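1. Give me a model of this one.
(one chain, ligands or ions: 1)
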Amino acid sequence: MAQWTSAMGSTQLARLLASQQSRPSGTGTRRPPAYRALADGIRLLVLEGRVPVAARLPAERELAVALAVSRTTVAAAYEALRTEGFLESRRGAGSWTAVPAGNPLPARGLEPLPPEALGSMIDLGCAALPAPEPWLTRSVQGALEALPPYAHTHGDYPAGLPALREMLAERYTARGIPTMPEQIMVTTGAMGAIDAICHLFAGRGERIAVESPSYANILQLMREAGARLVPVAMAEGLTGWDMDRWRQVLRDAAPRLAYVVADFHNPTGALADEDKRRQLVDAARSAGTVLVVDETMSELGLDTDLEPPRPVCGFDPAGSTVITVGSASKAFWAGMRIGWVRAAPDVIRSLVAARAYADLGTPVLEQLAVNWLLNTGGWQAAVDLRRDQARENRDALVAAVRRELPDWEFEVPRGGLTLWVRTGGLSGSRLAEVGERVGVRVPSGPRFGVDGAFEGYVRLPFTVGGAVADEAAVRLAAAARLVETGAGAGAEVTHPFVA
Ligand SMILES: Cc1ncc(COP(=O)(O)O)c(C=O)c1O
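-> Coordinates of the predicted model:
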């Protein structure tokens with residue numbers, strides 16, 4: 001249950017309900033009674049995360065006026081939602097959205113299957129590509145050549161190797177954001193960076209505002225750090241950030257941190273334009289909130305005509321509001337486990353000091369490999385390979401899903417590694433469950449939400465292309481048929497495609 005309450009005005013709720021009416025319902029043609037249609041509409045908004053869990057709903061009379069229906073209709077709809085576990089009410093205090101106990105909450109993150117366990121399963125669980133050879137091998141060779149002087153030291157570099165810090169700082173400077181090495185700390189992936197930031201800023205019970213949906217493993221990391229997540233619903237489509245909502249949440253909840261993925265957001269692929277970036281920084285600054293910007297996907301612009309927007313930290317010249325996190329995982333290879341933080345020098349000093357009680361540092365050899373890549377141009381060559389591969393995969397997956405699952409809706413992102421797909425009214429959790437039995441592993445929407453939202457979604461990564469993308473869509477369509485007819489429930493399904 002979300003622990004911070006937002007209020008949903010009657011006009012806002014009426015607008016969201018109206019926006020659903022143009023969508024195919026995926027159910028039969030008989031019209032349900034008005035109260036049932038209203039209850040279903042609100043339930044879907046909660047499950048899709050467009051109305052947050054624990055949001056206070058308007059009073060019956062107010063909503064009746066906004067929807068031009070009778071108060072009895074609203075009262076009956078609220079009663080139905082209460083019975084189904086989607087609403088909690090306290091006499092005299094109002095009604096709040098909820099999800100029923102037993103709704104599949106994302107208890108764990110997304111772990112890729114070990115390669116040896118994959119067999120004939122198509123794994124769409126993990127949004128990461130194989131290493132862009134020959135650059136991995138070359139970078140490791142380069143690292144071995146650079147190693148001898150380090151072998152004579154103790155090898156402990158809690159802030160990162162000076163040479164790599166300098167190189168990473170230079171890259172920000174080249175992007176128009178003057179940066180000193182003292183503003184950089186090398187971490188164990190972006191996960192290590194965000195873990196350190198959460199521990200420094202958001203102790204038990206602190207609030208962190210997050211996009212809803214957001215990257216599953218970071219949400220879980222924050223939950224485990226004891227933070228209280230405050231979801232901010234993404235706007236429809238790939239324009240992503242609804243600045244009115246962000247301003248309202250930052251002002252009313254005054255979270256300690258806000259976490260955003262402004263570049264090819266995971267899972268929606270949305271890209272924030274410069275105006276939104278500026279507004280986010282302004283809103284965070286006014287609320288006294290530290291804005292953590294995850295740039296893990298930022299180098300994965302796939303459309304060739306796309307000009308990368310100015311980094312979010314470019315709107316915070318004093319460095320008092322924004323902390324930026326970067327990673328080699330998507331631009332190069334997740335197996336490197338190299339990430340970094342760019343922040344004000346005093347923040348870096350505190351993060352480094354706290355590291356003595358965490359992981360002490362990041363392996364020297366991998367840092368040398370990344371440093372070799374950045375110094376030799378190998379990084380850019382590898383990023384170009386990555387982009388070509390991801391673009392090809394994206395286009396193949398989009399074509400295959402459109403052909404096999406014409407009811408499924410999505411917008412084609414201009415970059416990143418993920419397609420966020422509305423599954424034509426089918427449960428994403430059921431699809432994930434049945435998918436595993438027909439040979440395709442796919443994460444369900446609720447893993448990317450707070451409190452069980454996004455049941456009507458799955459996330460598909462750009463990790464397969466060609467015939468495998470075609471086969472993945474065929475298997476997903478088979479899973480969808482089984483879920484639709486109820487044949488996937490209970491009994492074991494014989495694998496139709498895999499020997
Ligand atoms: C937005 C985002 N942040 C962080 C990560 C994890 O990054 P790393 O492998 O550097 O820990 C991912 C991986 O999918 C991601 O999509």
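
2. Where does the chain get nearest to the ligand, residue-wise?
-> Gly189 (2.6 Å; Cβ to the nearest ligand atom). C-betas here are computed from N, CA, C, even on glycine.

3. Val53 falls within a strand, correct?
-> No. Looking at Val53 with DSSP: H, G, I helix; E, B strand; the rest coil, it is coil, so not inside a strand.

4. That one: how many residues sit nearby?
-> A total of 24 residues lie near Val53 under the criterion other Cβ atoms under 10 Å.

5. residues contacting it?
-> 1-2, 46, 97-99, 231, 450-453 (Cβ atoms under 8 Å, 6 or more residues apart in numbering).

6. State the number of residues packed around Gly466.
-> For Gly466, the neighbour count with other Cβ under 10 Å is 11.

7. What of Phe201?
-> Phe201 has 20 neighbours, counted by other Cβ under 10 Å.

8. Could you do Glu307 as well?
-> Glu307 has 6 nearby residues by other Cβ under 10 Å.

9. hang on, it in a strand?
-> No. Assigned with three-state DSSP, Glu307 falls outside any strand and is coil.

10. domain parsing for this protein?
-> Here the domain assignment for the chain is 10-97, 115-127+381-485, 135-376, based on automatic domain parsing.

11. Export the ones you listed as a markdown table, with columns for mean pLDDT.
-> Putting the domains of the chain into a markdown table (pLDDT from 0 to 100) gives the following:
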| stretch | mean pLDDT |
| --- | --- |
| domain 10-97 | 82 |
| domain 115-127+381-485 | 91 |
| domain 135-376 | 94 |
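
12. Summarise which helices and strands the strand or helix carrying Ala209 is packed against.
-> For Ala209, the host element (DSSP states H and E) is strand 207-212. Under the contact criterion of 3 or more Cβ pairs under 8 Å, 6 or more residues apart in numbering; DSSP states H and E, strand 207-212 touches helix 216-224, strand 228-233, helix 243-253, strand 257-260.

13. Show me what counts as buried in whichever strand or helix holds Ala18.
-> Taking DSSP H and E as the definition, Ala18 sits inside helix 10-20. In terms of neighbour count (16 or more other Cβ atoms under 10 Å), helix 10-20 has its buried residues at 10, 12-14, 16-17, 20.

14. Which neighbouring elements make contact with that helix?
-> With contacts taken as 3+ Cβ pairs under 8 Å, 6+ apart, helix 10-20 sits against helix 34-47, helix 60-67.

15. Show me the contact partners of the first one.
-> In other words, helix 34-47. Contacts to helix 34-47, defined as Cβ under 8 Å, 6+ apart, come from residues 13, 16-17, 20, 31-32, 51, 53, 57, 67, 69, 72-74, 76-78, 80-81, 84, 86-87, 97, 99, 452-456.

16. run the last query once more with 7 Å
-> Residues from elsewhere that reach helix 34-47 (Cβ atoms under 7 Å, 6 or more residues apart in numbering): 16-17, 20, 32, 51, 53, 69, 73-74, 76-77, 80-81, 86, 97, 99, 453-456.

17. And stretch 128-145, by the same measure?
-> Here stretch 128-145 makes contact (Cβ under 7 Å, 6+ apart) with 329-330, 332-335, 365, 368-369, 372-373, 376, 378, 381-382, 385-386, 389-390, 463.

18. how far out from the middle of the chain is it?
-> In terms of Cα atoms, centre = their mean, to the nearest Å, the centre of stretch 128-145 is found 27 Å from the chain centre.

19. Pull out the buried residues from that stretch.
-> By neighbour count with 16+ other Cβ under 10 Å, stretch 128-145 contains the buried residues 129, 131-132, 135-136, 138-140, 142-143.

20. The closest residue to Ser427 other than its chain neighbours and Thr83: what is the separation?
-> Nearest non-adjacent residue to Ser427, counting by Cβ to Cβ, 6 or more residues apart in numbering: Glu455, 5.6 Å away. As judged by Cβ to Cβ, to the nearest Å, Glu455 and Thr83 stand 18 Å apart.
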